[in-house]
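Participant: predicted model and sequence follow; I will ask about them next.
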Amino acid sequence: LIGLKERLAELIPEKQEEVKWVKKELGAKVLGEVTVDQAYGGMRGIKGMIWEGSVLDADEGIQFHGYTIPDCQKKLPAADGGEEPLPEGLFWLLVTGEIPTKEQVKLVSTEWAARSALPSFVEELIDRCPNTLHPMSQFALAVTALQHESTFAKAYAAGTNKSKYWDSTYEDSMDLIAKLPNIAGRIYRNVFKDGKVPTIDMDKDYSYNLSKLLGYSDNKDFVELIRLYLTIHSDHEGGNVSAHTGIVSLEAATFYVCDSDSLFPTIPQTHLVGSALSDPYLSFAAGLNGLAGPLHGLANQEVLRWIIHMKDELGSTEVSDEQIKEYIWKTLKGGQVVPGYGHAVLRKTDPRYTAQREFALKHLPTDPMFKLVSQLYNIVPGVLNEHGKTKNPWPNVDAHSGVLLQYYGLVEQDYYTVLFGVSRSLGVLAQLIWDRALGMPLERPKSYSTAHIKKMFANK
Ligand code: FAM
């Protein structure tokens with residue numbers, strides 16, 4: 001039985017050769033041009049980054065090494081008696097590009113359970129946080145503090161050859177992922193419960209243990225939900241804020257700021273926090289701070305808050321389409337966004353939304369809050385289209401996750417993004433391991449000032 005690290009070690013030389021070939025043969029090809037609008041517009045649509053684990057198609061949604069979410073639900077191993085994919089299998093797929101066997105997934109579960117203990121100073125650090133400190137801030141703090149344990153940082157300080165960086169990055173990544181349930185569980189218990197944290201069960205899978213630490217493992221449907229949740233939130237290619245901040249790799253591609261008759265080549269060779277050879281703990285903590293923004297991962301808490309506010313304002317979950325329309329318009333006219341709708345890349349309903357909707361249809365079809373979410377699905381896109389600004393009026397992943405969690409009793413919305421963060425570790429750390437294996441360079445795109453842009457195009 002070949003373990004994950006052994007398989008990775010076999011794949012690295014092959015991939016290094018492949019990348020060498022691509023750079024030699026295709027290195028001079030142009031991926032696209034960059035306009036001044038894009039420079040002001042959050043770099044939307046600029047193609048300038050390599051991300052191995054997943055690619056996002058505007059219409060089809062995310063594919064992990066070519067596998068869609070329904071493919072993963074069919075092909076990745078499930079737990080005994082369960083149906084949803086185990087996130088351990090998804091991590092294997094992200095790292096190797098291959099579908100693991102049930103036995104290989106079990107190896108990962110066992111390894112994560114074995115590496116799960118927190119140093120006592122990190123436990124104390126979490127325990128000392130005031131309950132009023134947002135769970136995401138506590139999460140990022142704890143992950144930063146775990147840096148104390150970094151194998152990569154120690155190997156770097158000891159002068160390790162860079163060809164070996166991937167090894168300690170792998171070890172740190174496995175340790176970090178393994179410890180996240182204990183961090184997340186502790187934060188939840190401290191902020192919302194009595195502060196008593198149960199222990200990890202060494203024979204169980206990652207999602208079961210996370211559910212146990214949160215206090216919901218008696219409900220097997222909740223555990224199944226967490227398996228699905230951790231799988232679908234894991235990775236969304238490289239340009240989103242949490243992936244990009246924390247751990248990003250950009251190959252040397254040539255870009256041009258263009259107008260009709262002049263080309264200004266710039267050569268950004270990019271990485272962000274991870275590209276500075278900050279270790280996996282520091283890099284992932286940076287990503288978590290990005291995920292904590294309301295236009296990104298925090299949207300999942302905002303969605304439920306917005307729906308509950310609507311329910312309270314309208315006095316019931318039985319509301320007419322007209323009342324909902326009015327509420328949406330009030331949000332828009334108040335200069336706010338409708339949380340859970342729209343996306344920087346997607347132009348259709350997010351398949352991560354669809355997967356959660358299917359889960360709800362199976363497990364909670366008559367829940368009044370789910371019915372409300374379904375009603376919104378029928379109404380919001382029309383209103384956003386009429387409003388006329390949003391490029392994508394369809395729901396994203398965050399429009400659905402909160403309603404599933406609240407059904408099982410996890411009603412504390414401020415906590416939701418922590419679960420997103422646990423899942424996101426799988427995608428960004430898989431990429432970081434490859435960044436080090438492929439020797440990706442420091443990320444450093446070129447910027448201009450407005451004055452410079454004007455000067456550049458004067459008299460043109
Ligand atoms: N409600 C109201 N207005 C919206 C909107 C929404 N849901 N989505 C986009 N717009 C507006 C947007 O604010 C912008 O207005 P201005 O021109 O006044 O700045 C305009 O429509 C064009 O924006 P866009 O090009 O369609 O979207 P962006 O690529 O700029 O932004 C999002 C993408 C996700 C930030 C944006 O759709 C949004 O704010 N959605 C609500 C928050 C949300 O659900 N975020 C979670 C995204 C999720 F997938 C994740 O990261 N977890």
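Facilitator: Perfect, thanks for sending it. Numbers count the residues shown, from 1 in each chain.
Participant: which intervals of the stretch 101-250 of the chain have sub-threshold pLDDT?
Facilitator: When residues are selected by pLDDT under 70, those of the stretch 101-250 of the chain lie in 246-250.
Participant: do you know how far whichever residue of the chain sits closest to the ligand is from residue 237?
Facilitator: The ligand sits closest to residue 342 of the chain, with a gap of 2.2 Å, by Cβ to the nearest ligand atom. Heads up, the C-betas are built off the backbone N, CA and C, glycines and all. According to Cβ to Cβ, to the nearest Å, residue 342 and residue 237 sit 17 Å apart.
Participant: neighbouring strands of the helix or strand that contains residue 55 in the sheet, and parallel or not?
Facilitator: Using DSSP states H and E, residue 55 sits within strand 54-57. Next to strand 54-57 in the sheet, as set by DSSP bridges, lie strand 61-64 (antiparallel).
Participant: any part of the strand it pairs with near the ligand?
Facilitator: No: Strand 61-64 lies apart from the ligand when judged by Cβ under 6 Å from any ligand atom; the minimum separation is 10.6 Å.
Participant: for that strand, what does the pLDDT average out to?
Facilitator: In this model, strand 61-64 has an average pLDDT of 97.
Participant: over to stretch 409-424?
Facilitator: Confidence over stretch 409-424 (mean pLDDT, whole number) is 96.
Participant: what's the burial count for residue 366?
Facilitator: Neighbour count of residue 366, defined by other Cβ atoms under 10 Å: 6.
Participant: got the contact list for it?
Facilitator: If you count contacts by Cβ atoms under 8 Å, 6 or more residues apart in numbering, residue 366 has none.
Participant: just the pLDDT at it, thanks.
Facilitator: Per the predicted model, pLDDT is 96 at residue 366.
Participant: any idea which helix or strand carries residue 416?
Facilitator: Using DSSP H and E, residue 416 falls within helix 416-437.
Participant: touching the ligand at all, that helix?
Facilitator: No: figure legend: helix 416-437 not in contact with the ligand (Cβ under 6 Å from any ligand atom); closest approach 7.2 Å.
Participant: quick check: mean pLDDT of whichever helix or strand comes after that helix?
Facilitator: Sequence-wise, the next helix or strand downstream of helix 416-437 (DSSP H and E) is helix 450-456. For helix 450-456, mean pLDDT is 96.
Participant: packing partners of helix 450-456?
Facilitator: In terms of contacts (3 or more Cβ pairs under 8 Å, 6 or more residues apart in numbering; DSSP states H and E), helix 450-456 is not packed against any helix or strand.
Participant: mind listing what's buried along stretch 325-343?
Facilitator: The neighbour-count check on stretch 325-343 (16 or more other Cβ atoms under 10 Å) flags 326, 327, 328, 331, 332, 337, 338, 339, 340, 341, 342, 343 as buried.
Participant: let me fix that, I meant to ask about stretch 353-368.
Facilitator: 353, 354, 355, 356, 357, 359, 360, 363, 364, 367.
Participant: ends of stretch 43-63, what's the gap?
Facilitator: 22 Å (Cα to Cα, to the nearest Å).
Participant: could you list the buried residues of that stretch?
Facilitator: Of all the residues in stretch 43-63, those buried under the rule 16+ other Cβ under 10 Å are 46, 48-56, 61-63.
Participant: before we move on, back to that, want to throw the buried residues of stretch 325-343 into JSON lines with secondary structure and pLDDT?
Facilitator: Compiled in JSON lines, these are given as follows (DSSP: H, G, I helix; E, B strand; the rest coil; pLDDT from 0 to 100):
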{"residue": "326", "secondary structure": "helix", "pLDDT": "96"}
{"residue": "327", "secondary structure": "helix", "pLDDT": "96"}
{"residue": "328", "secondary structure": "helix", "pLDDT": "97"}
{"residue": "331", "secondary structure": "helix", "pLDDT": "97"}
{"residue": "332", "secondary structure": "helix", "pLDDT": "97"}
{"residue": "337", "secondary structure": "coil", "pLDDT": "95"}
{"residue": "338", "secondary structure": "coil", "pLDDT": "96"}
{"residue": "339", "secondary structure": "coil", "pLDDT": "95"}
{"residue": "340", "secondary structure": "coil", "pLDDT": "95"}
{"residue": "341", "secondary structure": "strand", "pLDDT": "97"}
{"residue": "342", "secondary structure": "coil", "pLDDT": "96"}
{"residue": "343", "secondary structure": "coil", "pLDDT": "94"}
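Participant: now for these, which pair is the farthest apart?
Facilitator: The distance between the two most remote of the buried residues of stretch 325-343 (Cβ to Cβ) is 24.9 Å, for 326 and 343.
Participant: longest helix in the protein, by residue count?
Facilitator: helix 165-192 (DSSP state H).
Participant: whatever helix or strand comes next after that helix vs helix 165-192, what angle?
Facilitator: Next along the chain after helix 165-192, taking DSSP H and E as the criterion, comes helix 206-214. Interaxial angle, helix 206-214 versus helix 165-192 (axes from the mean of the first three to the mean of the last three Cα atoms, to 10 degrees): 30 degrees.
Participant: what residues does helix 206-214 touch?
Facilitator: Outside helix 206-214, the residues within contact range by Cβ under 8 Å, 6+ apart are 79, 86-88, 109, 112-113, 116, 180-182, 184-186, 188-189, 197-198, 200-201, 204, 217, 219, 222-223, 226-227, 230, 410, 422.
Participant: what comes up buried for the following helix or strand past that helix?
Facilitator: Under the assignment DSSP H and E, the closest C-terminal helix or strand after helix 206-214 is helix 220-232. Within helix 220-232, the residues that count as buried by 16+ other Cβ under 10 Å are 221, 222, 223, 224, 225, 226, 227, 228, 229, 230, 231, 232.
Participant: one more: stretch 64-72?
Facilitator: Buried positions in stretch 64-72, judged by neighbour count with 16+ other Cβ under 10 Å: 64, 65, 67, 68, 69, 72.
Participant: any chance of the residues you listed in JSON lines, plus secondary structure?
Facilitator: Putting the buried residues of stretch 64-72 into JSON lines (DSSP: H, G, I helix; E, B strand; the rest coil) gives the following:
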{"residue": "64", "secondary structure": "strand"}
{"residue": "65", "secondary structure": "coil"}
{"residue": "67", "secondary structure": "strand"}
{"residue": "68", "secondary structure": "coil"}
{"residue": "69", "secondary structure": "helix"}
{"residue": "72", "secondary structure": "helix"}
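Participant: which two from those end up farthest apart in space?
Facilitator: Farthest pair in the buried residues of stretch 64-72 (Cβ to Cβ) is 65 and 69. Separation: 12.8 Å.
Participant: mind checking the SS state of residue 406?
Facilitator: Secondary structure state of residue 406, per three-state DSSP, is helix.
Participant: now do the contacts for residue 181.
Facilitator: Applying Cβ under 8 Å, 6+ apart to residue 181 gives the contacts 116, 200, 206, 209, 210, 213, 422.
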